[in-house]
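Enquirer: Please find the sequence and the predicted model below.
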Amino acid sequence: MHAYSRRPMAKIRVSYEYSEAEDKSIRLGLFLIACGILSLFILCFCWLSPTLQSMRSKPANCTVISVSCLEERFECVFTCGADCKGTSLYPCLQIFVNNSESNSVALLHYDEQQLVLNPKCSYVPKCERDNQKMQQDIQRLEHYWSKEGKNQSFTCFFNPQRRPDDVLWQRSHDTSVLLHCVLWPMVSLLVGTLIVVLTVCARSLAVRAEAIQKRKFS
């Protein structure tokens, strides 16, 4: 009976080092993930909160009661170039309406942005260097609401908790803003995660294939 020696099978080790292309792919994926998280925080802070506040405004039926221009003038800042800046004056148009939901008189504003910009006036024109141009813009709006818009019912929006004495002609934000605030950061997160996962999986499969190949020839 011939004796024979058994040699223990050597454990095959395969180096698990990423190539330069794989390293770049992982860095790209991590960069997209970081951008998605950062943009999600920024968009939620800058757009999501104002949009949610805007969407809390309830629709109501409003009817114009009175339209008038105050003698008081308000300042606005205009720009006419890189180093050109100045101030102009515009008249204050006030449109009072009857709010059907609260059955009270309220001041109509164009949207939330103009309400914050000047809560005393219904409309804030685009600031121009020529005061006369802004005054004509206000006069056209005053003529419309005094003649055509008076005694006509239209949909307005109001927030009884925040500003019960003010109503909005239209909202600045809608549900599409919510979609964009969430969609694009999530796309960046998903794409970055997918790149990292596919790169790691591809490398893992390559290592296993290399280990199997070495076992065959060992």
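Expert: Thanks, I have the structure now. These numbers were taken from a predicted model, which means no experiment stands behind them. Numbers count the residues shown, from 1 in each chain.
Enquirer: How are the strands of this structure distributed by residue range?
Expert: Along the chain, counting by DSSP state E, strands occupy 58-79, 85-99, 104-109, 153-159, 163-168.
Enquirer: Tell me which of these lies nearest to residue 135.
Expert: strand 85-99 (5.9 Å; Cβ to Cβ). (Each C-beta comes from the backbone N, C-alpha and C, glycine too.)
Enquirer: which of the residues in that closest one are buried?
Expert: 88, 90, 91, 92, 93, 94, 95, 96, 97, 98, 99 (16 or more other Cβ atoms under 10 Å).
Enquirer: Adding mean pLDDT and distance to residue 24, write the strands of the chain out as a markdown table.
Expert: As requested, the strands of the chain are exported to a markdown table (pLDDT from 0 to 100; distance: least, Cβ to Cβ, whole Å):
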| stretch | mean pLDDT | distance to residue 24 |
| --- | --- | --- |
| strand 58-79 | 88 | 43 |
| strand 85-99 | 90 | 46 |
| strand 104-109 | 91 | 52 |
| strand 153-159 | 86 | 50 |
| strand 163-168 | 86 | 50 |
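Enquirer: Tell me which of those strands sits nearest to residue 131.
Expert: strand 85-99 (5.3 Å).
Enquirer: all helices of the chain, in order?
Expert: For the chain, helices defined by DSSP state H occupy the ranges 20-43, 49-55, 112-117, 131-143, 175-217.
Enquirer: will you turn these into a markdown table that also has distance to residue 123?
Expert: Formatted as a markdown table, the helices of the chain follow (distance: least, Cβ to Cβ, whole Å):
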| stretch | distance to residue 123 |
| --- | --- |
| helix 20-43 | 29 |
| helix 49-55 | 18 |
| helix 112-117 | 7 |
| helix 131-143 | 6 |
| helix 175-217 | 23 |
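Enquirer: Of those, give the one that comes closest to residue 66.
Expert: It's helix 131-143; of those, that one is closest to residue 66 (Cβ to Cβ) at 11.2 Å.
Enquirer: Name the residues that touch the closest one?
Expert: With Cβ atoms under 8 Å, 6 or more residues apart in numbering as the test, helix 131-143 has contacts from 67, 69, 76, 88-91, 93, 123, 125-128.
Enquirer: State the mean pLDDT of it.
Expert: Averaging pLDDT along helix 131-143 gives 89.
Enquirer: Please apply the same query to stretch 21-31.
Expert: pLDDT averaged over stretch 21-31 gives 85.
Enquirer: how far is it from where the chain is centred?
Expert: Averaging C-alpha coordinates over stretch 21-31 and over its chain gives two centres that are 28 Å apart (Cα atoms, centre = their mean, to the nearest Å).
Enquirer: Report the separation between residue 88 and residue 133.
Expert: Noted for residue 88: a distance of 9 Å to residue 133, by Cβ to Cβ, to the nearest Å.
Enquirer: ok, now which ones touch residue 194?
Expert: residue 29.
Enquirer: Equivalent analysis for the one 5 residues further on, please.
Expert: With contact set as Cβ under 8 Å, 6+ apart, residue 199 has these partners: 18, 22, 25, 26, 29.
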